[in-house]
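>>> Turn this into a structure:
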Amino acid sequence: MKKKPRVAIDLFSGAGGLSCGLIDSGIEVKTAVEIWNIAASTYRKNLKGSVIEKDIKNVKGKEILNNIGLRKGQLFLLAGCPPCQGFSSQQRNKKGEKDERNLLVFEFARLVYELRPLFILMENVPGMKKESKIFKKVVKELREYGYEIIYDTLNAADYGVPQIRKRLVLHGVRLDIYKKMIKKKIELEFPEKTHTSSKNLVNNDKLESWKTVRQTISDLPKLDAGSINDNIPNHFSAGLSKINLERIKWIRNHGGSRNSLPEELQLNCHKKKAVGYGDVYGIMDWDKPAPTLTGGCLSYSKGRFGHPEQDRAISAREAARLQCFDDKFVFEGNKTEISLQIGNAVPVNLAKASGDYFIRLGEELRII
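Numbering: from 1, shown residues only. Alright, predicted model coming up:
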């Protein structure tokens, strides 16, 4: 087989977290597909690949191939993270399978059929696997298209991401390549873990301890709530109301979560037992990985996003670091748009782990 170039396409690219990780692994991401103009603008500002900025339902495989100068079957990797809101725990009970955004995973499968890449990488929320008949149909479709498929829930912290973030990761290989793997007795796998929790480090000198919030953001200049540091891109924090400022100060001194608040500082909706998310108004622990970042990661009221030491929510730059973005990566848009881009991104190091795996596999099979 003629060796293939190490070229990838990133579908539903967002700001480019998945692309950054693949590029770091040595894969050339030539084109991304992203409908949101703000995220597409961020992608263009920071990455060399072109962006097809339109609804993926209107994007054909031939258009992508013409754009990158390859023929069907020559693409090394098709990667993507279809919109996951319909599969998330926060949305599942409201919309579940009826959320039309879920159906975009079939567009991913369609482009697999039209492009015939050697390898497939898809990342999403674990809820896609646990609750979704749609996901099972997509996997069946990919197998019918001639691909060996594996999928599992991985913790990004196990791959050097300073964040507890469990994600569904799917790896696929075209059957003609898979037959070569069988002959060489090579199994289709997930990347080997590089990190683990400190309690699991005993007698395990191959793994490092999970990266912590302190290791990741403690060197950044201090900020007040609602302020900005002009010397570091996106190092700004959201403002806090007077009562939220009181809440964060109290929580910092009394346990780290809203459960420690006195009655006069509690929200009425939180005074009932087992109401709401316990992490809201929480503060990050310096010496642990961050909690899962969401599209509201710059808001103190939307999760455990309080700075470990300063009376404010984490800044956009701190959130970006917790997603493994380099400080040179600059996000476009207003505060809300930047928060969404960062929180929705695939953690760079998690993407790199899969990229590294496919590179090693391709080299072992001598197809790149």
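>>> Pull the number of nearby residues for residue 118.
24 (other Cβ atoms under 10 Å). For the C-beta atoms, the positions are set from N, CA and C on the backbone; glycine is no exception.
>>> Where do the strands of the chain begin and end?
In the chain, the strands defined using DSSP state E lie at 7-11, 28-33, 50-52, 77-80, 119-124, 147-155, 166-174, 195-196, 208-209.
>>> Let me have those strands in a markdown table, extended by mean neighbour count, distance to residue 331 and mean pLDDT.
Shown next, in a markdown table, are those (neighbours: other Cβ atoms under 10 Å; distance: least, Cβ to Cβ, whole Å; pLDDT from 0 to 100):
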| stretch | mean neighbour count | distance to residue 331 | mean pLDDT |
| --- | --- | --- | --- |
| strand 7-11 | 26 | 17 | 98 |
| strand 28-33 | 22 | 15 | 97 |
| strand 50-52 | 18 | 15 | 96 |
| strand 77-80 | 26 | 20 | 98 |
| strand 119-124 | 26 | 20 | 97 |
| strand 147-155 | 18 | 25 | 97 |
| strand 166-174 | 21 | 21 | 97 |
| strand 195-196 | 19 | 26 | 96 |
| strand 208-209 | 14 | 28 | 96 |
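>>> where does the chain have low pLDDT?
1, 84-102, 130-131, 203-204, 255-260, 262-279 (pLDDT under 70).
>>> just the helices in it please.
17-24, 37-46, 61-68, 89-92, 104-115, 127-131, 133-144, 175-183, 213-217, 242-253, 316-322, 335-344, 348-364 (DSSP state H).
>>> now those in JSON lines, with distance to residue 162?
Formatted as JSON lines, the helices of the chain follow (distance: least, Cβ to Cβ, whole Å):
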{"stretch": "helix 17-24", "distance to residue 162": "14"}
{"stretch": "helix 37-46", "distance to residue 162": "21"}
{"stretch": "helix 61-68", "distance to residue 162": "33"}
{"stretch": "helix 89-92", "distance to residue 162": "22"}
{"stretch": "helix 104-115", "distance to residue 162": "28"}
{"stretch": "helix 127-131", "distance to residue 162": "23"}
{"stretch": "helix 133-144", "distance to residue 162": "28"}
{"stretch": "helix 175-183", "distance to residue 162": "33"}
{"stretch": "helix 213-217", "distance to residue 162": "4"}
{"stretch": "helix 242-253", "distance to residue 162": "21"}
{"stretch": "helix 316-322", "distance to residue 162": "6"}
{"stretch": "helix 335-344", "distance to residue 162": "14"}
{"stretch": "helix 348-364", "distance to residue 162": "9"}
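>>> Quick one: closest of those helices to residue 52.
Within the helices of the chain, the stretch nearest residue 52 is helix 61-68; the backing value is 7.0 Å (Cβ to Cβ).
>>> returning to what we had before: could you dump the strands of the chain to TSV with distance to residue 60?
Listed next are those as TSV, based on distance: least, Cβ to Cβ, whole Å:
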stretch	distance to residue 60
strand 7-11	13
strand 28-33	11
strand 50-52	10
strand 77-80	14
strand 119-124	18
strand 147-155	20
strand 166-174	20
strand 195-196	40
strand 208-209	44
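>>> mind listing what the closest residue to residue 232 other than its chain neighbours touches?
Distances taken as Cβ to Cβ, 6 or more residues apart in numbering put residue 317 closest to residue 232, at 5.7 Å, once the chain neighbours are dropped. Shown in contact with residue 317 (Cβ atoms under 8 Å, 6 or more residues apart in numbering): 220, 232-236, 327.
>>> Kindly recompute the last result at 6 Å.
232, 234-235 (Cβ atoms under 6 Å, 6 or more residues apart in numbering).
>>> Which ChimeraX command selects the buried ones in the residues you listed?
Buried residues within the contacts of residue 317, by 16 or more other Cβ atoms under 10 Å, are selected in ChimeraX with:
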select :234,235
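>>> nearest to residue 303, of the contacts of residue 317?
For the contacts of residue 317, the nearest to residue 303 is residue 234 (18.7 Å; Cβ to Cβ).
>>> doesn't residue 333 make contact with that closest one?
No - if you go by Cβ atoms under 6 Å, residue 234 and residue 333 don't touch, sitting 10.1 Å apart.
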